[in-house]
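Enquirer: What follows is a predicted protein model with its sequence.
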Amino acid sequence: MKTYLVGGAVRDELLDYPVKERDWVVVGAMPDELLKLGFTQVGKDFPVFLHPQTKEEHALARTERKKGHGYTGFETHYDATVTLEEDLQRRDLTINAIARDGDGSLIDPYGGSADLTNRILRHVSDAFIEDPLRVLRVARFAARYAHLGFTVAKETLELMSEIVAQGELQYLPAERIWVETERALREQDPQVFIEVLRDCGALKALLPEVDALFGIPQKATYHPEVDTGIHVLMVLKQAALLSRKKTRREHVEINSAHHTEGPESGNSQVVFAALTHDLGKGITPTDVLPGHRGHEQAGLPLVEDVCKRFKVPNAHRQLALTVCEYHLHMHRARELRGDTLLKLLEATGALRQPERFNNYLLTCEADSRGRKGMENRDYPQADYLRQARDIANAVTVAELKASSPETQSLEGKAIGDALKKERIRRLDQLRESYRSRDTALSG
């Protein structure tokens with residue numbers, strides 16, 4: 001019996017990338033031998049065990065043979081005669097098919113080290129085509145390592161296109177599609193995930209609402225990049241950047257003494273909302289292009305369809321619908337009257353759901369910056385809406401009742417109406433104060 005470190009741990013060590021977990025493969029053993037050593041079996045379809053001390057996963061070396069559709073349609077074979085090379089051959093990419101021996105030496109029968117050096121994502125064998133989930137996995141790895149210069153090999157992209165053409169993606173469970181997608185949305189370059197899926201035809205098969213945005217024109221006055229699909233890719237990049245900065249800032253504040261620079265995860269709620277915020281533009285009638293009046297409301301049923309199709313968690317769904325409906329309100333927040341501004345605060349969770357509100361602000365900022373030549377432009381609307389939230393929250397029932405004899409006896413709906421009226425009055429004052437300041441500065 002011999003044990004090897006395999007997969008992502010070896011790959012990321014060689015890339016000098018943070019290793020989050022370590023997986024092992026055991027060659028020359030059967031399940032009863034590991035059980036006698038104190039391992040705990042957790043695998044159902046094939047033997048996977050947890051180490052008695054480290055709790056790290058140890059899997060018996062195995063081979064697989066396609067017997068049906070989808071990523072679960074495999075017959076697994078394992079026994080003490082399966083070699084390490086045979087186990088590595090069933091893996092998806094060469095960079096994931098490298099093992100490390102106990103003495104530190106590498107076993108690399110399929111050229112993974114060379115592909116790491118050359119920054120290539122390449123399939124191990126033609127068996128790659130048997131698992132449709134690999135289309136999403138390769139696109140996700142492309143999103144993870146794009147900043148290091150990695151690209152998908154042409155021949156691998158061709159196999160991905162073949163998987164799509166054979167209709168194999170339709171056999172993937174919605175839950176598995178969402179798991180891979182959500183992980184990709186947290187990577188450093190989620191827009192690359194979308195680009196790779198589009199390059200192999202998978203975007204049209206899985207997310208036709210997003211695929212339809214490419215080639216749809218917008219007014220160049222507001223969108224110098226013109227193409228709506230390109231705009232969405234740019235917004236994804238900004239959403240990842242802004243949410244990662246927020247994660248890094250929060251980490252430093254909480255644990256500054258132990259903070260080290262690393263690839264913090266982006267906020268998948270923010271990035272998903274960025275991905276779906278302009279879906280309504282894909283169904284704008286051609287005779288009104290490049291205008292998109294009413295695309296916010298038009299996009300809501302499409303966002304709902306995507307969320308239902310992939311069983312998207314409610315927090316992601318709620319934020320996506322909020323951003324889709326209200327992102328233009330955010331961009332012109334300083335123009336809004338007090339009553340409209342209060343409705344916006346209520347609709348975006350500012351008064352009751354601070355996390356959703358903050359994520360809404362981040363996504364709208366990403367939308368504003370996701371335009372050609374505007375990537376570094378300031379977004380004062382976010383601070384304005386935070387100020388408006390603080391003003392609205394400062395108006396309390398206790399304060400209102402103490403303010404005048406007329407309000408002391410108010411109860412129920414009457415006190416609610418008075419609370420709303422006072423909030424609107426103060427929000428109108430905020431608007432007028434900014435208008436006066438702007439007039440003074442322009443004069």
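Expert: Here it is on my side, so go on.
Enquirer: Pull out the CA atoms of the helix or strand hosting residue 359 and give them to me as CSV.
Expert: Per DSSP states H and E, residue 359 falls inside helix 354-369. Only the C-alpha atoms of helix 354-369 are listed here, as CSV (Å, rounded to 0.1, in the frame of the first residue of the first chain):
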residue,chain,number,x,y,z
PRO,A,354,-28.3,45.8,5.6
GLU,A,355,-26.4,43.0,3.8
ARG,A,356,-28.7,43.0,0.8
PHE,A,357,-28.6,46.8,0.7
ASN,A,358,-24.7,46.9,0.8
ASN,A,359,-24.6,44.2,-1.9
TYR,A,360,-27.1,46.3,-4.0
LEU,A,361,-24.8,49.3,-3.7
LEU,A,362,-21.7,47.2,-4.8
THR,A,363,-23.5,45.7,-7.8
CYS,A,364,-24.8,49.1,-9.0
GLU,A,365,-21.3,50.6,-8.6
ALA,A,366,-20.0,47.6,-10.7
ASP,A,367,-22.6,48.4,-13.3
SER,A,368,-21.5,52.0,-13.5
ARG,A,369,-17.8,51.1,-13.8
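Enquirer: The following helix or strand past it - contacts with which helices or strands?
Expert: Remark: after helix 354-369, the chain's next helix or strand is helix 380-394, criterion DSSP H and E. Counting contacts by 3 or more CB pairs under 8 Å, 6 or more residues apart in numbering; DSSP states H and E, helix 380-394 packs against helix 314-331, helix 338-347, helix 354-369, helix 412-442. Every C-beta, even on glycine, is put in place using the N, C-alpha and C of the backbone.
Enquirer: I'd like the mean pLDDT over the second one, please.
Expert: Spelled out, that is helix 338-347. Helix 338-347 carries an average pLDDT of 97.
Enquirer: Mind listing residues that contact that helix?
Expert: Here helix 338-347 makes contact (CB atoms under 8 Å, 6 or more residues apart in numbering) with 322, 325-326, 329-330, 333, 336, 350-351, 357, 385, 388-389, 392, 420, 423-428, 430-431.
Enquirer: buried residues in that helix?
Expert: 338, 341-342, 344-345 (16 or more other CB atoms under 10 Å).
Enquirer: cool, stretch 184-204 as well?
Expert: For stretch 184-204, using 16+ other CB under 10 Å, the buried residues are 184-198, 200-203.
Enquirer: same check, this time on stretch 156-163
Expert: 156-157, 159-160, 163.
Enquirer: Now, these that are in helices?
Expert: 156-157, 159-160, 163 (DSSP state H).
Enquirer: quick one on the thing from earlier: quick one, which of the helices and strands packed on helix 380-394 is packed in tightest?
Expert: A comparison of the helices and strands packed on helix 380-394 by mean neighbour count, using mean count of other CB atoms under 10 Å, puts helix 354-369 on top with a mean of 22.
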